[in-house]
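>>> I would like the atomic coordinates for the input below:
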Amino acid sequence: MTETVERSLTILTGFPADVLAVEARGHVGRSDYEEVLIPAVRDRVKAEGRLKMLYKIGPGFEGFSAGAAWDDAKLGFLHMGDFARIAVVADIDWIRMGVKLMAPLMACPVHVFHLAEIEAAKDWISSNEGPGHGGPEVDVQRKLPLGEDMMPPQP
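Okay, here's the model as predicted:
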């Protein structure tokens, strides 16, 4: 007899190949990240290069475990250059505020949508329009100036 494991993260279908869409419900734990989301991100990056991610906090969402929160932060930093854009769809204020606070650290456009705006979120994440169309965004070239670039010219 095989045991069916109910997951709190579900990969959503019906999106372009470069879009990874996921929905969170219930209590999201570390195993949800390690067995669902992290492998999906790794596989999608390998297949597509850069990916667009839609993360929907669905009805019945109860929260994240500390391990899931750590894996989420680690995933974002380890794959920072792999995201082309991120859409977060949620009505929970602390999640919306947290995403808005962290958006300037991301090297891609990040937009926060309400659940009622799911179709707009799907349209935005599936599009290829340039920066300037959405929420908190940062123009990052992922390049730190070299020390000699900061030195005054020598006479």
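
>>> Identify the residues contacting V22.
L9, T10, I11, L12, V36, L37, A40, M53, L54, Y55, K56 (C-beta atoms under 8 Å, 6 or more residues apart in numbering). Glycine gets a C-beta too; all of them are placed from N, C-alpha and C.

>>> which of the residues you listed are buried?
Neighbour counting by 16 or more other C-beta atoms under 10 Å classes L9, V36, L37, A40, M53, L54, Y55, K56 among those as buried.

>>> list the helices and strands the helix or strand where the fourth one lies packs on?
Secondary structure here is read from DSSP states H and E; on that basis A40 sits in helix 38-48. Contacts defined by 3 or more C-beta pairs under 8 Å, 6 or more residues apart in numbering; DSSP states H and E place helix 38-48 against strand 19-28, strand 51-64, helix 66-78.

>>> averaging pLDDT over each of these, which comes out lowest?
Lowest mean pLDDT within the helices and strands packed on helix 38-48: helix 66-78, a mean of 86.

>>> Can you give me the buried ones in that one?
Under 16+ other C-beta under 10 Å, the buried positions of helix 66-78 are A68, D71, D72, L75, G76.

>>> angle of it against helix 38-48?
20 degrees (axes from the mean of the first three to the mean of the last three C-alpha atoms, to 10 degrees).

>>> Residues touching helix 66-78, excluding its own?
V28, G29, R30, D32, Y33, E34, L37, I38, V41, F64, M102, M106.

>>> and those, which are buried?
With neighbours counted by 16+ other C-beta under 10 Å, these contain buried members at V28, G29, R30, D32, Y33, L37, I38, V41, F64, M106.

>>> possible to save the residues you listed as CSV with distance to A17?
Below are these laid out as CSV (distance: C-beta to C-beta, whole Å):
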residue, distance to A17
V28, 25
G29, 28
R30, 28
D32, 23
Y33, 22
L37, 17
I38, 19
V41, 14
F64, 28
M106, 22
